[in-house]
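**Q** Show me how the following folds:
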Amino acid sequence: MDPTNVPFELISYRGFLKSLEGIKKGFFSVSESETPTESGEEKIRHHRKGYLSSLMNVMTFIESLLFIMMNAYDNYVYSPLQKTLSPIVRIVPRYLNFGQNIKIPIFTANIVTLARTFLVIPIAWFIKYDYNMMAFLCVVFHDFLDHLDGIVAKVQKLTYPSHDDPILGGFLDAFCDKIVNVLSIWTILLATNFELMSQNQTFVYLAVCYGVIGYETILGIVRVQDYFLAKFKKEFKIDAKKNKESLESNSKSITAASMEGKLKEKLESTGIAFLCLAVSKNSSSPISSLSGLVGMVCLILTLRMAHKSLACKLKARTELKNKSWKMSKKNSTSAENLLEMINDSNQTVHPDFENAEMKMVDITNNNITEQSTMYHYQKRKHLYLEDQDINLKAELEKCQKKTTEEKVVKQQSNAKKVDNRVDKVYTIGCFDLFHFGHVQLINRMRELGKKVIVGVHDSRSIYKLKKRVPVDSTEKRMMNVKTVADEVFCIAGCDPSNFMSCIVNLGKNETALYVRGDDMPDFPSREVVESLMPIKLLPYTEGVSTTKLRKENYSHIAPDDEEYLDKIN
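**A** Alright, predicted model coming up:
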């Protein structure tokens, strides 16, 4: 099984079992590893090593358990909440209209995010005047609004697909969380009566609270830098295309990083909420109460998750920097790289190279290897090659002639290659939530045929065939397919037999092929297609599917929502 396609729940469960095994080994390995000949220092070293290993395994055990609980929270709390609130959010208008041309946004994900940031004011006020339960409820309400802005973003993305900037939305969501959390913890510290606490309690209390504030501040700075970098890349269309290998190698780390971030936010809000209950000017030490202990444990675990999240971000930034450096070095045409190429070609250049003007003849970044022999030097007075008494002009003409001959030979060899592809290759599908599997299918069709022709079902025919409404509109699905296909047609019906009979128009001696995924060999209109052309079944792309994407990101759209179907058809 491909590790990048393993469900996160299974990864967490495996980590849970592995950490349990590690705890057993850590506690019992000390006594088993001792031998009669060991000295006292060696025994102490073994004990320390065993206890440290046990501590790390305990932390891994707790993290795995928390990830399992977080996944259960998503399935049994957040998903039902999303399904309940999505119809209500869909009813609330996004804009307030004044006349025909004036629209004022009143309900968007960013407005909800900014509004919940102001909850820090009542939280601070309630903590100061010992309304502990009200402060607790405000923190819980802030956490609810954090869920709500995500639901609003998902629902309005379908209705208003190009109205929101996802980069800005993600940045505001994370950054406003940090503002509320840091100011809430700072208010709790100001309201704490340290005279009622022992020295050790004060040290632990301050270390944990200031540690969380410090990590949140650093993560906030990193967030700001990442936002402006992403905005710059989007503005100037830098790194717009990424290859398949990089996406597959990063998918597992991206999943882990997002889960760590979600878990950190949940632990931090829980810790702050319970500390709000524990802090009081007239009560005893906050750590001595049950709510205070729960709050401190949550904040300690927050420190662990914040450290992992920060390490993951910095690691990704370092890898990106190294990759950019390698690419810039590979594509560079500086004098140093050109000199290195000349040295590799066993030519000896005069030591006074830096005083000469050097020109590269007909070289681009893509063809630099192929045409690296086509160069010459023009020195202001004269240029000579050491240990070689040859005419430079004659040598250059020789190189050019040789390169021209190689090109002619290459063109002749390419002309001799026979193109065994058919003239036209057809397929029909839904192509909802256009993903990598769809692109791979059409690319394979391109390898089989010279012209790729795709039929896309309209939304109502998909609803009748699959008993669920599609997420994307017919127009959007057709435009997505058109980015990789030659011709795209809409099929307004469940049975595409008539469509195939009308659209297949082969000239004299033209060949055709119909391609289909092997997940559905008995597709509609197979008999008609077989009478027109051969059929080839291609293997189904594992690890990605429209059903999986819909379940993860669009579960709020009911399968039988005909009102939504009318909007997108």
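**Q** Three-state assignment for residue 513, please.
**A** Put simply, residue 513 is strand when judged by DSSP: H, G, I helix; E, B strand; the rest coil.
**Q** So what sits opposite it in the bridge?
**A** Listed beta-bridge partners, residue 513: residue 425 (assigned using DSSP bridges).
**Q** What is the burial count for it?
**A** Neighbour count for residue 513, taken as other CB atoms under 10 Å: 18. C-beta coordinates here come from the backbone N, C-alpha and C atoms, glycine included.
**Q** Now do it against residue 425, distance only.
**A** Distance of residue 513 to residue 425, given as CB to CB, to the nearest Å: 5 Å.
**Q** Can you work out which residues contact both of the two?
**A** 448-449 (CB atoms under 8 Å, 6 or more residues apart in numbering).
**Q** Report the contact partners of residue 107.
**A** 92-94, 152.
**Q** What subset of those is buried?
**A** Among the contacts of residue 107, those buried by neighbour count (16 or more other CB atoms under 10 Å) are 94, 152.
**Q** Check the contacts of residue 107 and tell me the two furthest apart.
**A** With distances taken as CB to CB, the most widely separated pair in those is 93 and 152, at 12.2 Å.
**Q** What mean pLDDT does the helix or strand harbouring residue 213 get?
**A** Assessed by DSSP states H and E, residue 213 sits inside helix 199-236. Taken as a whole, helix 199-236 has an average pLDDT of 87.
**Q** Please settle this for me: is residue 509 part of a strand?
**A** No: assessed with three-state DSSP, residue 509 is coil; it does not lie in a strand.
**Q** Run through the stretch 101-250 of the chain and note the low-pLDDT ranges.
**A** 235-250 (pLDDT under 70).
**Q** In it, mark out all the helices, start to finish.
**A** For the stretch 101-250 of the chain, the helices defined by DSSP state H, counting those that start in this stretch occupy 109-117, 120-128, 132-159, 166-191, 199-236, 244-278.
**Q** What is the burial count for residue 166?
**A** Neighbour tally, residue 166, other CB under 10 Å: 12.
**Q** quick one, what contacts it?
**A** So residue 166 contacts residue 153 (CB under 8 Å, 6+ apart).
**Q** Quick check: the gap between it and residue 156.
**A** To residue 156, residue 166 is 12 Å away according to CB to CB.
**Q** Same check on residue 142?
**A** From residue 142 over to residue 156 the distance is 21 Å, taken as CB to CB.
**Q** and the two? which has more neighbours close in?
**A** A count of neighbours by other CB under 10 Å puts residue 142 above the other of residue 142 and residue 156, at 24 against 19.
**Q** got the phi/psi numbers for the residue nearest to that one when sequence neighbours are not counted?
**A** Of all residues not flanking residue 142 in the chain, residue 119 sits nearest, at 4.8 Å (CB to CB, 6 or more residues apart in numbering). Backbone torsions for residue 119, taken as degrees, to the nearest 10, come to phi -70, psi -20.
**Q** on that earlier part again, now the contacts of residue 107 in TSV, with secondary structure and distance to residue 138?
**A** Output for the contacts of residue 107, formatted as TSV (DSSP: H, G, I helix; E, B strand; the rest coil; distance: CB to CB, whole Å):
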residue	secondary structure	distance to residue 138
92	coil	23
93	coil	27
94	coil	27
152	helix	20
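**Q** could you redo the contacts of residue 107 as JSON lines and give each row distance to residue 406?
**A** Below are these laid out as JSON lines (distance: CB to CB, whole Å):
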{"residue": "92", "distance to residue 406": "68"}
{"residue": "93", "distance to residue 406": "67"}
{"residue": "94", "distance to residue 406": "62"}
{"residue": "152", "distance to residue 406": "61"}
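**Q** now the strand or helix carrying residue 88 against helix 132-159, angle please.
**A** Using DSSP H and E, residue 88 maps to helix 79-91. Helix 79-91 runs at 60 degrees relative to helix 132-159, counting by axes from the mean of the first three to the mean of the last three CA atoms, to 10 degrees.
**Q** ok, so what distance separates the closest residue to residue 447 other than its chain neighbours from residue 452?
**A** Using CB to CB, 6+ apart and skipping the chain neighbours, the partner closest in space to residue 447 is residue 421 (7.4 Å). Residue 421 sits at a distance of 11 Å from residue 452 (criterion: CB to CB).
**Q** So for those two, which sits in the more crowded spot?
**A** residue 452 (22 against 16).
**Q** Could I get the contacting residues of residue 510?
**A** The neighbourhood of residue 510, defined by CB under 8 Å, 6+ apart, consists of 423-424.
**Q** mind showing which ranges of the stretch 451-569 of the chain have poor pLDDT?
**A** Within the stretch 451-569 of the chain, the ranges that satisfy pLDDT under 70 run 569.
**Q** let's see 80
**A** For the stretch 451-569 of the chain, the stretches flagged by pLDDT under 80 are 507, 518-524, 540-544, 555, 562-569.
**Q** ranges for the helices of it?
**A** In the stretch 451-569 of the chain, the segments counted as helices under DSSP H, counting those that start in this stretch are 459-466, 474-482, 497-503, 526-532, 546-553, 562-568.
**Q** quick revisit: how about a markdown table for the helices of the stretch 101-250 of the chain, with distance to residue 526 added?
**A** Below are the helices of the stretch 101-250 of the chain laid out as a markdown table (distance: least, CB to CB, whole Å):
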| stretch | distance to residue 526 |
| --- | --- |
| helix 109-117 | 45 |
| helix 120-128 | 63 |
| helix 132-159 | 34 |
| helix 166-191 | 41 |
| helix 199-236 | 44 |
| helix 244-278 | 31 |
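**Q** Quick one: closest of those helices to residue 469.
**A** Relative to residue 469, the nearest member of the helices of the stretch 101-250 of the chain by CB to CB is helix 132-159, separated by 11.1 Å.
**Q** Pull out the buried residues from that closest one.
**A** For helix 132-159, burial by neighbour count (16+ other CB under 10 Å) applies to 132, 134-139, 142-143, 145-146, 148-158.
**Q** hmm, back to that, now for the helices of the stretch 101-250 of the chain, which one comes closest to residue 480?
**A** Of all the helices of the stretch 101-250 of the chain, helix 132-159 comes closest under CB to CB, at 15.0 Å.
**Q** So which elements touch the closest one?
**A** With contacts defined as 3 or more CB pairs under 8 Å, 6 or more residues apart in numbering; DSSP states H and E, the packing partners of helix 132-159 are helix 79-91, helix 109-117, helix 120-128, helix 166-191, helix 244-278, helix 562-568.
**Q** if we go to 7 Å?
**A** helix 79-91, helix 109-117, helix 120-128, helix 166-191, helix 244-278 (3 or more CB pairs under 7 Å, 6 or more residues apart in numbering; DSSP states H and E).
**Q** quick one: it to helix 120-128, angle?
**A** 160 degrees.
**Q** Run the angle between helix 132-159 and helix 109-117 for me.
**A** Going by the same axes, to 10 degrees, helix 132-159 makes 170 degrees with helix 109-117.
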